[in-house]
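> below: sequence and its predicted model.
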Amino acid sequence: MSFEICFTRRYCMAHRLFNIRNSRCFVPHGHNEFVKVYLVSIGNDTLDGGVNMMAPFAVLKQVWHQWIDDHVDHSLQLSSQDPMLDYFKTRESENLAHLMITPGDPTTEVLAALFMSKINALMADQGLAVRCRKVEIEETPTNTVSFSGDAKDVISAAHYDGPETPWWQRPDMTINDL
Ligand SMILES: Nc1nc2c(c(=O)[nH]1)N=C([C@H](O)[C@H](O)COP(=O)(O)OP(=O)(O)OP(=O)(O)O)CN2
């Protein structure tokens, strides 16, 4: 017996899959994606007969939606190995904050794991007695990826040149470590 709360948010993004040459996904392109997060209580699930809530929806989703709306929305997602990064560093440094830098290609799989790590860092930092059980990303109307579990088990940061605590583990608004 337990409750689960699901929030959905839409954002616009662009990416390219740099390690898949000879593919149309190598060409920078964009999607309007939907992310769903499934939250469960890590405390007592019993309703108190008064307010009867895990916490108000507005409280549970406020910081998460702030990150999605103000930082993920209209971001350009690039692998940390992508040479396009050099262009932005040398020619458009004012836009670096809009680049989401991923360890390896910015596939929907890695995005789901990174989002799982970020939302759980944000929830813990706010002292909310919930954790995210599943992240689901609809990349296109015909492709959806979901992730459950510990993001650390699936993310390989072998070629990611960043700090010990990368952006996806920090309870802040960042989307890169540039
Ligand atoms: N395992 C993954 N494969 C692919 C990913 C991904 O994130 N994980 N991403 C892409 C591309 O981003 C691509 O834009 C979407 O691919 P595709 O399914 O080919 O796109 P369509 O919308 O045209 O698909 P239809 O179902 O044929 O309309 C590729 N692969």
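Ah, there it is. Numbering: from 1, shown residues only.

> near the ligand, which residues of the protein are found?
25, 29, 107-109, 139-140, 142-143 (CB under 6 Å from any ligand atom). The C-beta positions use only the backbone N, C-alpha and C, and glycine is treated the same way.

> can you pull out the low-pLDDT segments for the protein?
For the chain, no stretch has pLDDT under 70.

> spatially central, which residue of it would that be?
Phe115 (2.5 Å; CA atoms, centre = their mean).

> what element comes up after the strand or helix carrying that one heading to the C-terminus?
Taking DSSP states H and E as the definition, one finds Phe115 inside helix 108-125. Proceeding N to C from helix 108-125, the next assigned helix or strand is strand 130-140, under DSSP H and E.

> contacts for that next one?
4-5, 31, 33-42, 54-55, 60, 108, 111-113, 115-116, 119-120, 123-124, 144-148 (CB atoms under 8 Å, 6 or more residues apart in numbering).

> so which residues of this protein form helices?
Ranges of helices in the chain, per DSSP state H, are 57-67, 84-91, 108-125.

> before we move on, the earlier item: of the contacts of strand 130-140, just the buried ones, PyMOL syntax please.
The PyMOL command for the buried members of the contacts of strand 130-140 (criterion: 16 or more other CB atoms under 10 Å) is given here:
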select buried, resi 5+31+33+35+37+38+39+40+41+54+55+60+108+111+112+113+115+116+119+120+123+145+147
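
> assess the claim that the residue nearest to the centre of the chain and Val35 are in contact.
Yes: under the criterion of CB atoms under 8 Å, Phe115 makes contact with Val35 at 6.2 Å.

> just the helices of the chain: most buried one?
helix 108-125 (a mean of 21; mean count of other CB atoms under 10 Å).

> what two of the residues of the chain next to the ligand are the furthest from one another?
His29 and Glu109 (17.3 Å; CB to CB).

> quick one on the thing from earlier: and the helices of the chain as CSV, adding distance to Gly49?
Listed next are those as CSV, based on distance: least, CB to CB, whole Å:
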stretch, distance to Gly49
helix 57-67, 20
helix 84-91, 55
helix 108-125, 25
